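J.: No sequence on hand, only this structure:
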């Protein structure tokens with residue numbers, strides 16, 4: 001397995017969405033890189049790969065999956081991992097990520113990112129699976145914290161302790177979704193700053209920002225709204241605590257014109273660099 005010697009900084013990017021393909025190729029935008037949804041491109045040909053090949057000639061890419069089910073008790077799907085590896089060899093992404101969760105059982109995909117019990121037993125199981133995936137792909141994997149709407153009575157530690165320990169034991173990396181931290185902090189009534197500050201800066205390679213749906217008593221991670229002020233504040237705290245990090249915005253529904261997303265991305269850029277400037281002043 002190849003290990004990164006120095007944490008790369010890609011800048012500020014967006015999730016690549018089909019409705020923006022042509023705009024990306026036709027116009028210049030203040031976008032440094034794109035994150036692709038891995039499963040959209042596990043095909044032998046067609047328009048998705050055509051556009052992906054054209055876009056990767058102009059922008060760095062990273063791969064982000066939703067089907068690894070790293071926390072499941074089902075056997076790892078090496079047929080799926082083989083396709084992921086082939087795509088990675090084709091487009092040469094800066095890194096590959098997936099979620100710290102389980103997505104099904106007994107071969108049934110529930111099409112949701114389901115939370116895990118934060119136990120030593122679960123940790124040992126997940127570390128082993130991450131190591132197998134990393135050995136197979138020949139690179140470190142980024143795992144992403146998910147938003148959650150329930151907890152387990154059997155949990156023995158906090159989510160941030162669980163994640164930090166997994167990253168250390170498996171020698172993997174972290175995709176820190178700041179919005180997910182905020183959503184879960186409201187749903188489970190914890191301090192999101194406590195979560196952020198206890199993570200290992202050296203493991204955080206990427207940050208996700210997104211909007212969510214406020215249902216009053218709880219929040220749902222929907223990626224169909226603008227980023228709210230509280231999430232921006234938590235992002236500012238994240239950069240102040242852990243330093244500059246490759247950052248991107250996810251928008252999966254009610255997707256606006258590309259220029260509107262670029263404006264939101266500029267806010268992330270401005271916040272990050274202002275925090276850095278304040279730190280060195």
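T.: Good, I have the coordinates. Small disclaimer: the values here were computed from a predicted structure and weren't measured.

J.: Can you give me the buried ones in stretch 223-237?
T.: Within stretch 223-237, the residues that count as buried by 16 or more other CB atoms under 10 Å are 223-224, 227, 231-232, 234-237. For the C-beta atoms, the positions are set from N, CA and C on the backbone; glycine is no exception.

J.: cool, stretch 107-126 as well?
T.: Neighbour-count burial for stretch 107-126 [16+ other CB under 10 Å]: 113-116, 118, 122-123, 125-126.

J.: Stretch 26-43 too?
T.: Buried-residue list, stretch 26-43, by 16+ other CB under 10 Å: 29, 31-39, 41-42.

J.: Return the closest of those with respect to residue 159.
T.: Comparing these against residue 159 with CB to CB places residue 35 closest, at 22.8 Å.

J.: Of the buried residues of stretch 223-237, which belong to helices?
T.: 231-232, 234-237 (DSSP state H).

J.: Return the closest of the residues you listed with respect to residue 250.
T.: Using CB to CB, these come closest to residue 250 at residue 231, 11.8 Å.

J.: Verify the stated contact: that closest one with residue 179.
T.: Yes. With contact defined as CB atoms under 8 Å, residue 231 counts as touching residue 179 (5.2 Å).

J.: Not counting residues beside it along the chain, what's closest to residue 69?
T.: residue 103 (4.3 Å; CB to CB, 6 or more residues apart in numbering).

J.: Which strands or helices does the helix or strand that that neighbour is a member of pack on?
T.: If you go by DSSP states H and E, residue 103 is part of strand 102-105. Counting contacts by 3 or more CB pairs under 8 Å, 6 or more residues apart in numbering; DSSP states H and E, strand 102-105 is packed against strand 108-114.

J.: hang on, the earlier thing: let me know the closest of the buried residues of stretch 223-237 to residue 78.
T.: For the buried residues of stretch 223-237, the nearest to residue 78 is residue 223 (29.5 Å; CB to CB).
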